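# From the sequence below, what's the structure:
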Amino acid sequence: MVPSQHTLKIRLEKNGRGGKTVTVVFELPNNEPYFKEIEKKLKGLCGTGGSFKNNMIEIQGDHREKIKTFLEKTGFKVKLAGG
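Below you'll find the model as predicted:
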């Protein structure tokens, strides 16, 4: 998989999460082991919990800028989606 060939999207979600804010990275290419590793690195970077499910990475809290910077350094194109 070549990161530069993929554009990942980041959005903030609150709905259905008990009022808690979650940063979601979505439209991931199909490569679960790779993105589980990225999810672990992002949790460490942001110092918070998170998970990988339904081919999306969810990180607790609003960490859009940190995650965007990290993914761009990894070689991905990144777009911030939604509000």
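
# Can you name the next helix or strand after the lengthiest helix in the chain?
If you go by DSSP state H, the chain has its longest helix at helix 32-46. Using DSSP states H and E, the helix or strand that directly follows helix 32-46 along the chain is strand 50-53.

# is it true that Tyr34 touches His6?
No: applying Cβ atoms under 8 Å as the test, Tyr34 and His6 come out as separate, 10.9 Å apart. Placement of C-beta: from N, CA and C, glycine included.

# what about these two, which has more around it?
Each of Tyr34 and His6 had its neighbours counted (other Cβ atoms under 10 Å), and the higher figure belongs to His6 (16 against 13).

# wait, doesn't that one sit right on Lys77?
Yes: using Cβ under 8 Å, His6 is in contact with Lys77, at 6.9 Å.

# give me the low-pLDDT residue ranges for the protein?
83 (pLDDT under 70).

# Grab the most central residue of it for me.
Nearest to the geometric centre of the chain sits Val25, at 3.0 Å (Cα atoms, centre = their mean).

# So what does that one have for phi and psi?
Taking degrees, to the nearest 10, you get phi -100, psi 120 for the backbone angles of Val25.

# nearest spatial neighbour of it, skipping sequence neighbours?
Ile57 (4.2 Å; Cβ to Cβ, 6 or more residues apart in numbering).

# okay, now that neighbour: neighbour count?
24.

# repeat for the one 3 residues further on
Using other Cβ under 10 Å, Gln60 has 17 neighbouring residues.

# For it, which three-state class applies?
Of the three states, Gln60 takes strand under DSSP: H, G, I helix; E, B strand; the rest coil.

# for Leu28, same thing?
Reduced to three states by three-state DSSP, Leu28 is coil.

# I figured it was touching Ile57, is that so?
Yes: using Cβ under 8 Å, Leu28 is in contact with Ile57, at 7.1 Å.
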